[in-house]
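Undergrad: Predicted model follows, preceded by the sequence.
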Amino acid sequence: MRFKLDGILTSQWFIGFLYRFIRAYAWTFRLHIDNEQGWLHYLDNGGTVLLCAWHQQFFSAIRHFQNYRKYTPGIMISRSKDGEIIAGVARRTGWHPVRGSSSRGGQAAMHSVIDDLKNAQLAGHVVDGPRGPAGQVKAGVIRMAHATDAVVVPFYVSAEKAWYFNSWDRFMLPKPFSRVVLRFGDMIRLAAIVNENDFEQQRQQLEQTMRPALVGFSSGK
């Protein structure tokens, strides 16, 4: 029975239905976009951009991120069954999912995203996905940015009214007709790394920059 249910959930017709449902649901949001033009101008003039978010907040960006389909951006998504569903939705929004995570196939996936980023010049990355710990930026984002000379652009989502799931990341689902703000941070250009301490310092600095926007977790470790 479990096997049959898994087959249904990862089938093309179900993923197609889910994609249409997400679009319809997200269109109820009163969506406001903040600070987007700077990095878009940089991208359109030859720059490379790596968009980064917390796992808690990525759902709310799906509707707007369809607008970037012309760039065919890449994104790393886990090889789990849940990841198969998310990857199917990502394809329908015009994004190119690369399967892998820090716990399974991560190195190969990261190199694939790097290759995609060099070609498309735009990619997205969930910095604490797919299993956390919540609020901890993993090393991959720093490695990808350096390998492609990309600027890192964090983005954050806040909602006037939302449900928070009882999950490791307190996953956020804005309520229908809620005002939702998708705010992009300023572009972050990472300095050249001289030693491993520099690498860890950059990871921590990005974590400290992004963590205040994470809902339901303290600002400390």
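TA: Looks like it came in fine. Numbering: from 1, shown residues only.

Undergrad: Now for Lys161: which residues touch it?
TA: Pro174, Lys175, Ser178 (C-beta atoms under 8 Å, 6 or more residues apart in numbering). C-beta coordinates here come from the backbone N, C-alpha and C atoms, glycine included.

Undergrad: And the pLDDT for it?
TA: Per-residue confidence (pLDDT) for Lys161: 97.

Undergrad: can I assume Val181 sits in a strand?
TA: Yes. Judged by DSSP: H, G, I helix; E, B strand; the rest coil, Val181 forms part of a strand.

Undergrad: quick one on the thing from earlier: which of the contacts of Lys161 lies closest to Asp149?
TA: Nearest to Asp149 among those, counting by C-beta to C-beta, is Pro174 at 34.6 Å.

Undergrad: Give me the spatial nearest neighbour of the closest one, chain neighbours excluded.
TA: In this structure, Pro174 finds its nearest non-sequential neighbour in Ala159, 3.8 Å apart by C-beta to C-beta, 6 or more residues apart in numbering.

Undergrad: what about the one you found, distance to Ala53?
TA: Applying C-beta to C-beta, to the nearest Å, the value for Ala159 to Ala53 is 14 Å.

Undergrad: Tell me which of the two has more neighbours.
TA: The neighbour count for Ala159 versus Ala53, taken as other C-beta atoms under 10 Å, is higher for Ala53 (24 against 20).

Undergrad: And the more buried one, its phi and psi?
TA: Main-chain dihedrals, Ala53, degrees, to the nearest 10: phi -150, psi 160.

Undergrad: Which helix or strand lies directly C-terminal to the least confident helix or strand in the chain by mean pLDDT?
TA: Ranking every helix and strand in the chain by mean pLDDT, DSSP states H and E puts helix 2-9 at the bottom, with a mean of 60. Later in the chain than helix 2-9, the nearest helix or strand by DSSP states H and E is helix 12-26.

Undergrad: List of residues touching that next one?
TA: Residues outside helix 12-26 that contact it (C-beta under 8 Å, 6+ apart) are Ile8, Phe59, Ser60, Ile62, Arg63, Ile85, Gly88, Val89, Arg92, Thr93, Pro176.

Undergrad: Identify those among those that sit within helices.
TA: Ile8, Ile62, Arg63, Ile85, Gly88, Val89, Arg92 (DSSP state H).

Undergrad: Now restrict those residues to buried residues only.
TA: Ile62, Arg63, Ile85, Gly88, Val89, Arg92 (16 or more other C-beta atoms under 10 Å).

Undergrad: Tyr156 - that's part of a strand, no?
TA: Yes. Using three-state DSSP, the assignment for Tyr156 is a strand.

Undergrad: which outside residues touch stretch 67-77?
TA: For stretch 67-77, the external contacting residues (C-beta under 8 Å, 6+ apart) are 43, 51, 83, 86-87, 90, 93-101, 109-110, 112-113, 116-117, 120-126, 130, 140.

Undergrad: Touching, Ala147 and Ile114? I think so.
TA: Yes. Under the criterion of C-beta atoms under 8 Å, Ala147 makes contact with Ile114 at 4.8 Å.

Undergrad: Compare those two (neighbour count), which wins?
TA: Ile114 (21 against 15).

Undergrad: I'd like the distance between the more buried one and Ala191.
TA: Distance of Ile114 to Ala191, given as C-beta to C-beta: 19 Å.
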